[in-house]
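> Have a look at this prediction, sequence included:
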There are 2 protein chains.
Amino acid sequence: MRVGELSKRSGVPVATIKYYLREGLLPAGVLTSPNQAHYDEEHVRRLRLVRALVEVGDLSIAAVRDVLTAIDTRDDSLHKKLGAVQEAITQPGSVELDPLAVEDVQAFFARQGEGECVDVTESNVTHALAAALSAARSVGHDHFPELLEPYLEGLKIIAQADVDYIARRGSADDIIEGMVVGTLIGDAVIKAVRRLAHAQVSRKVIGDGTGD
Amino acid sequence: MRVGELSKRSGVPVATIKYYLREGLLPAGVLTSPNQAHYDEEHVRRLRLVRALVEVGDLSIAAVRDVLTAIDTRDDSLHKKLGAVQEAITQPGSVELDPLAVEDVQAFFARQGEGECVDVTESNVTHALAAALSAARSVGHDHFPELLEPYLEGLKIIAQADVDYIARRGSADDIIEGMVVGTLIGDAVIKAVRRLAHAQVSRKVIGDGTGD
């Protein structure tokens, strides 16, 4: 297909496609004449992934390039690639870590059978968890870690649905694009649905004042 | 207690307490001499709530005042007050709403038995949900609403734990403070734990390349 069709199929404007080509985020097409290149399905998939990283993940061009390099590392398993992309799209949290909150996270991992001494700064995900628990401690909520087990229980149901949602996709690029969109848009959906669930449960436990 | 003790108990500096008193976010203490006021447990609780709204909820002083007015409305049930506070601490989402995403939300509510024609703009929570599904549609993920039911299933477990966490608190101010902290810090904790759950489930479904 020509660049106009590629734009239509991917939802990315032609000028943006040309910018991504110059930045090396998209492999060049096959030249069919000095001024015309031909693109294929691989380009459509790669472009959708770049778009998800830029528009949904809010990643810089340099960060997108790092993610693509991780994906294109030939010998890594898909599981390892998904882990690398997850790191790239996760903010570590900006709160200063409370050593007691770091211990909270380590104790949680120990209870999960994952060892006693996880280094929380090694991953953005564990750093974000320690940062959130530090924020809880800073306002006197030292018992917040009690919620980690029920949270994990509920989130395993959610994670299973997330993985089913992306596993039916065909290529590695499609799966990773689905993970980026599912993870980040899923965060926003979960925030909203959690509040709906709060209202439902609170009506039952606390009552809504109608005497039901 | 005097203002120094109030500061120690609530974790709020004396100068900030005096500012909150001037802004009407905290009722005046009982004057025991022309320069000295006496504060009680109600002040400690109210101050912790104001602190949670400002530091965790990132609310403006005007927004905190609105929340306190809602809480202090004598005839409302606790359920209704919790709903008003939940609205105040929820961002409606900044994406332009896609009419098809609005229909997604309405169809979801209809499946939950909550009527056919929910007006999503009436609440920040439903608006945020429609905005997130609009973002999904804008990158071609029209099937994202399929995830709403499993998300709700997992989030009911989480919401039950959240409500248990705050229901054991004594006063209305304490319960509402627990809801603000639990909702907002919980959002960040859930984001991180969801990624841990993703890694666990993905290892099982996709495999980690070790041949297990």
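Perfect, I can see it now. Everything numeric here is computed off the predicted structure, so don't read it as measured data.
> and the residue nearest in space to the middle of chain A, what element?
Most central in chain A under C-alpha atoms, centre = their mean is A:Thr183, positioned 3.8 Å from the mean C-alpha point. Here A:Thr183, judged by DSSP states H and E, is contained in helix A:172-205.
> Which strands and helices lie in contact with that helix?
On a contact count with 3 or more C-beta pairs under 8 Å, 6 or more residues apart in numbering or on different chains; DSSP states H and E, helix A:172-205 meets helix A:41-51, helix A:61-72, helix A:78-88, helix A:148-167, helix B:78-88, helix B:124-138, helix B:148-167, helix B:172-205. The C-beta positions use only the backbone N, C-alpha and C, and glycine is treated the same way.
> Swap in 6 Å and give it another go.
With contacts taken as 3 or more C-beta pairs under 6 Å, 6 or more residues apart in numbering or on different chains; DSSP states H and E, helix A:172-205 sits against helix A:41-51, helix A:78-88, helix A:148-167, helix B:78-88, helix B:124-138, helix B:148-167.
> buried residues in the third one?
The reference is to helix A:148-167. Using 16 or more other C-beta atoms under 10 Å in any protein chain shown as the test for burial, helix A:148-167 gives A:148, A:150-152, A:154-163, A:165-166.
> Quick one: residues in contact with it.
A:108, A:175, A:178-179, A:182, B:147, B:150-151, B:153-154, B:157-158, B:161, B:190, B:193-194, B:197-198, B:201-202, B:205 (C-beta atoms under 6 Å, 6 or more residues apart in numbering or on different chains).
> do the second one as well
Helix A:78-88 is touched from outside by A:67, A:70-71, A:124, A:172, A:176, A:179, B:195, B:202-203, B:206, B:208-209, with contacts defined as C-beta under 6 Å, 6+ apart.
> now, among those residues, which is nearest to B:Ala101?
B:Ala101 lies nearest to A:Met179 out of the contacts of helix A:78-88, by C-beta to C-beta, at 21.0 Å.
> Could you check how far the closest one is from A:Val30?
Distance from A:Met179 to A:Val30, counting by C-beta to C-beta, to the nearest Å: 29 Å.
> Between the two, which is the more surrounded one?
Between A:Met179 and A:Val30, counted using other C-beta atoms under 10 Å in any protein chain shown, the more crowded position is A:Met179 (25 against 10).
> what kind of secondary structure is A:Gln91 in?
coil (DSSP: H, G, I helix; E, B strand; the rest coil).
> what about it, neighbour count?
Using other C-beta under 10 Å: A:Gln91 sits among 14 other residues.
> swap in A:Phe108?
20.
> Hmm, A:Ala135 is touching A:Val95, no?
Yes. A:Ala135 is within contact range of A:Val95, at 5.0 Å (criterion: C-beta atoms under 6 Å).
> And these two? Which one has more around it.
A:Ala135 (24 against 20).
> what's the distance between the more buried one and chain B?
Per C-beta to the nearest C-beta, to the nearest Å, A:Ala135 is found 5 Å from chain B.
> check contacts around that residue.
A:95, B:185.
> okay, and for chain A, where does confidence drop off?
Applying pLDDT under 70 to chain A picks out residues A:207-212.
> dump the residue contacts of A:Ala131.
Going by C-beta under 6 Å, 6+ apart, A:Ala131 touches A:93, A:95.
> meant to ask about A:Ser134, not that
Contacts for A:Ser134 (C-beta under 6 Å, 6+ apart) come out as A:95, A:97-98, A:101.
> was I right about A:Val30 contacting A:His38?
Yes. The criterion here is C-beta under 6 Å, and A:Val30 meets it with A:His38 at 4.7 Å.
> Can you report phi and psi for the closest residue to the residue nearest to the centre of chain A other than its chain neighbours?
Excluding the flanking residues, the one nearest A:Thr183 by C-beta to C-beta, 6 or more residues apart in numbering or on different chains is A:Ile89, at 6.3 Å. Per-residue torsions, A:Ile89: phi -100, psi 10 (degrees, to the nearest 10).
> what about A:Ile89, how many residues close to it?
Counted with other C-beta under 10 Å, the neighbours of A:Ile89 add up to 21.
> For it, give its distance to B:Val14.
Going from A:Ile89 to B:Val14 by C-beta to C-beta gives 42 Å.
> cool, and A:Ala135?
Applying C-beta to C-beta, one obtains 23 Å for the distance of A:Ala135 from B:Val14.
> Does the residue nearest to A:Thr183 touch A:Leu59 like I think?
No. Counting by C-beta under 6 Å, A:Ile89 stays clear of A:Leu59, with 7.0 Å between them.
> Scan the contacts of A:Ser134 and report the most crowded one.
Busiest of the contacts of A:Ser134 [other C-beta under 10 Å] is A:Ala101, holding 25 neighbours.
> Kindly tell me how buried the residue lying closest to A:Leu196 once chain neighbours are set aside is, as a neighbour count.
In space, and not counting its chain neighbours, A:Leu196 is closest to B:Val125: 6.3 Å by C-beta to C-beta, 6+ apart. For B:Val125, the neighbour count with other C-beta under 10 Å is 24.
> Pull the contacting residues for B:Val125.
By C-beta under 6 Å, 6+ apart, the contact list for B:Val125 reads A:192, A:195, B:90.
> check which helix or strand covers A:Ala37.
Assigned by DSSP H and E, A:Ala37 falls within strand A:36-38.
> What pairs with that strand, parallel or antiparallel?
Paired neighbours of strand A:36-38 in the sheet (DSSP bridges): strand A:30-33 (antiparallel).
> May I have the strand it pairs with as PDB, with CA atoms only?
Extracted C-alpha coordinates of strand A:30-33, given in PDB (Å, rounded to 0.1, in the frame of the first residue of the first chain):
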ATOM      1  CA  VAL A  30      10.200  -0.600  -0.400                       C
ATOM      2  CA  LEU A  31      10.900   2.000  -3.100                       C
ATOM      3  CA  THR A  32       8.800   1.400  -6.200                       C
ATOM      4  CA  SER A  33       9.900   4.600  -7.900                       C
END
